[in-house]
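**Q** Give me a model of this one.
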Amino acid sequence: MGDMEKLQKKRAVARGWATRKSNTLKGLLNNPDVSVIDLQAAMDDFDQRLASLEEVQTLLELETDLANLDEELDNASEFFQEVRKPRLQAAQRLGDLMKGEKSESISSSSPSKISSSNKMTNVKLPKLELPKFKGDVTLWQSFWDQFKTHVHDSDIPVIAKFSYLQSLLEGDAKGVVKGLAHTEANYQIACDMLKERFGRPERIKFAHVQALLNYKSSVKGKGPKYVSSLWNLSDELLTHIRSLEALGVSGEQCEVFLTPIILACLPEELRMEWAREGSGHESDLSWLLHFLQREIERIERSETFSVVLGKAEGRFVESEKRRVPSASALYTSSEAGSYFCAFCSKKHKSEKCWDIQKLSFKEREERIKALSV
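**A** Numbering: from 1, shown residues only. So this is what the prediction gives:
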């Protein structure tokens, strides 16, 4: 029996246990006199079985061919979503039971404490522009972290939280919860359904790697726009890499496959420069990222130098034209003026001037600034 067959057999057993524990929760939910202790114990038992299933499912996904991975992920997601429904309902039921116990203790509290509690429930959410979420799994964690901080963990009513959540969902994400009635009981169910669909770590990892593999670089040309495009490229690559690191994708083995993927995203001239300098660093992702930042900064300095130098040469040519009194001399100056050095006034291009080339970069900047005044 191959490794894949063994994993499929283990998953079948784990799914069977998860289904049985899910049915146990269904039975307890049908009991109007169920106790907090019994419900909590059944939920813990279910969570253990589900965790075991998730471990096997992760191993199985790692062994699955890329061509069949999407289908495998969708099938797993459907099963998890179905088997967790009683667990979500049990969590809501447990919350109601515990609220009942708390309400008895609150009824014996002083009026001042009750007044303070009412004030907390009337806290209004500050006006913030929270991001919309359309279903891109690579953006899920960022969206959820912000929503959790500003809405989910706030003291506004649960039904208001549900309203905020629905208003921020678009596309595929909105379709996940559109069938749920707008009630307090369904808010936590909606959150858990979204986490199950878009928040699974293995699916997020796969999406980040796939985004890098499918990336098509459009960075080309020269000038300020070229530099800006390079910085945008660097930021996008770092976003995927840091997200993968946050999900535990790091270490030498990961660098071996991430480094060539990142190189494939770079413009040809940067890959050529890496080939000249990167001997011995073929699988060193940290070195590659440092190289990329250093090269962009170098290109940025070079472009800045070219722009300022061009302005200085233009001013020098104009001043030479103004000095020539006759039409024939003006013609001669206009023909040769473009080859007058802005630094030493000799007949050669400014960038070939030995006087400026032997200076340090800082000294060059000072000379150019002096000419630009």
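
**Q** avg pLDDT for stretch 82-97?
**A** Here stretch 82-97 scores 83 as its mean pLDDT.

**Q** cool, stretch 64-78 as well?
**A** 83.

**Q** from the middle of its chain, how far away would it be?
**A** Computed by C-alpha atoms, centre = their mean, to the nearest Å, the separation of stretch 64-78 from the middle of its chain amounts to 22 Å.

**Q** Use 16 as the first number for this chain going forward.
**A** Let's use 16 as the start, then, which means that last one is stretch 79-93.

**Q** Show me what counts as buried in that stretch.
**A** Of the residues in stretch 79-93, those buried under the neighbour-count criterion (16 or more other C-beta atoms under 10 Å) are T79, L84, L88, A91. Just so you know, the C-beta spots here come from the backbone N, C-alpha and C atoms, and that holds for glycine as well.

**Q** Over to stretch 49-69?
**A** The neighbour-count criterion (16+ other C-beta under 10 Å) identifies V49, L54, A57, M58, F61, R64, L65, L68, E69 as the buried residues of stretch 49-69.

**Q** mind putting those residues in CSV, distance to L248 included?
**A** Putting the buried residues of stretch 49-69 into CSV (distance: C-beta to C-beta, whole Å) gives the following:
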residue, distance to L248
V49, 57
L54, 52
A57, 51
M58, 47
F61, 46
R64, 45
L65, 41
L68, 40
E69, 35
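
**Q** want to throw those into TSV with secondary structure?
**A** Putting the buried residues of stretch 49-69 into TSV (DSSP: H, G, I helix; E, B strand; the rest coil) gives the following:
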residue	secondary structure
V49	coil
L54	helix
A57	helix
M58	helix
F61	helix
R64	helix
L65	helix
L68	helix
E69	helix
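
**Q** export the residues you listed to CSV and tack on pLDDT and distance to C359?
**A** Formatted as CSV, the entries for the buried residues of stretch 49-69 read as follows, by pLDDT from 0 to 100; distance: C-beta to C-beta, whole Å:
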residue, pLDDT, distance to C359
V49, 85, 93
L54, 83, 88
A57, 87, 88
M58, 85, 83
F61, 88, 83
R64, 88, 82
L65, 86, 78
L68, 89, 78
E69, 85, 73
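
**Q** Among the residues you listed, which pair sits farthest apart?
**A** Taking C-beta to C-beta as the measure, the buried residues of stretch 49-69 reach their widest spread between V49 and E69, a distance of 26.5 Å.

**Q** From R64, how far out is the spatially closest residue to K220 that is not a sequence neighbour?
**A** Spatial nearest neighbour of K220, chain neighbours left out: L262 (5.3 Å); criterion: C-beta to C-beta, 6 or more residues apart in numbering. Look at L262 and R64: by C-beta to C-beta, to the nearest Å, they are 24 Å apart.

**Q** before we move on, the earlier item: nearest to S182, of the buried residues of stretch 79-93?
**A** The shortest distance between S182 and any of the buried residues of stretch 79-93, using C-beta to C-beta, involves L88 and amounts to 28.0 Å.

**Q** what's the nearest residue to the closest one if we skip its chain neighbours?
**A** Distances taken as C-beta to C-beta, 6+ apart place R218 nearest to L88, at 5.8 Å, with adjacent residues excluded.

**Q** Just give me the neighbour total for the one you found.
**A** Other residues near R218 come to 20 when the count uses other C-beta atoms under 10 Å.

**Q** show me where the stretch 116-265 of the chain has helices.
**A** For the stretch 116-265 of the chain, the helices identified by DSSP state H, counting those that start in this stretch occupy 126-136, 155-162, 173-183, 186-192, 199-213, 216-228, 239-261, in order along the chain.
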